[in-house]
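> Whatever this is, show me its structure:
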Amino acid sequence: MYFNQLEPYEVEPNRYAQSALIGRATFNAANFSLRDILNRKRGFESLPTWHLYQAMLSTDLSLLGSAFKVPVFFLQGAEDEVTEASLVREYFDKLDAPHKEIVLFEGQGHFAVWVRPDRFLKELNTLVRPMAIQH
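Alright, predicted model coming up:
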């Protein structure tokens, strides 16, 4: 499964917690049947991972332009070794938006929003929700 493939590259707090958290979230989802869970697993197993990553890596975000009419938020692990915070900052600094903000989860890696759902929800409620209500 995709998440297990990344475990060796995760920072210690994320390495083992991610699979358990994602599994719990899936099994506790109110509208998921056992068939849905099985189909989700099959989907991840059949996903042409290499082709997906090739498409992602060949995407040039600068082609989207740098001016956005909506607020822009980046929430991620400070120790993310897949999407490095320094690269996110470099892209972020080039953006023009009515409001923009980066929130780094210290001590967390690529799966920070799953490993720290409490913090993720807090940031959404504190930063994003007030702006969403305004618009």
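> By mean pLDDT, which helix or strand of this protein comes out lowest?
Sorting the helices and strands of the chain by mean pLDDT, DSSP states H and E puts helix 2-6 at the bottom, at a mean of 45.
> Could I get the buried residue list for stretch 63-79?
Of the residues in stretch 63-79, 71, 73-79 count as buried by neighbour count, 16 or more other C-beta atoms under 10 Å. No exception for glycine: its C-beta is placed from N, CA and C like everyone else's.
> will you turn those into TSV that also has secondary structure, pLDDT and distance to Glu90?
Compiled in TSV, the buried residues of stretch 63-79 are given as follows (DSSP: H, G, I helix; E, B strand; the rest coil; pLDDT from 0 to 100; distance: C-beta to C-beta, whole Å):
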residue	secondary structure	pLDDT	distance to Glu90
Pro71	coil	94	19
Phe73	strand	96	17
Phe74	strand	96	12
Leu75	strand	96	17
Gln76	strand	93	14
Gly77	strand	93	17
Ala78	coil	94	15
Glu79	coil	90	17
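> now the helices: where do they sit in the chain?
Remark: helices assigned in the chain by DSSP state H are 2-6, 12-15, 17-28, 34-46, 49-57, 85-94, 112-115, 117-123, 129-134.
> So what touches stretch 79-97?
Stretch 79-97 is contacted from outside by 6, 9-11, 61-62, 66-72, 74, 76-78, 100, 102, 104, 106-110, 112, using C-beta atoms under 8 Å, 6 or more residues apart in numbering.
> Could you list the low-pLDDT ranges of this protein?
Along the chain, segments meeting pLDDT under 70 span 1-26, 29, 44, 47-50, 53, 135.
> hmm, try it at 90
Within the chain, the segments meeting pLDDT under 90 span 1-64, 80-84, 109-117, 131-135.
> and Phe105, what does it touch?
Phe105 is in contact with 75-78, 112-113, 116, 119, counting by C-beta under 8 Å, 6+ apart.
> nearest to Ser46, of the residues you listed?
Nearest to Ser46, judged by C-beta to C-beta, of the contacts of Phe105 is Val113 at 24.9 Å.
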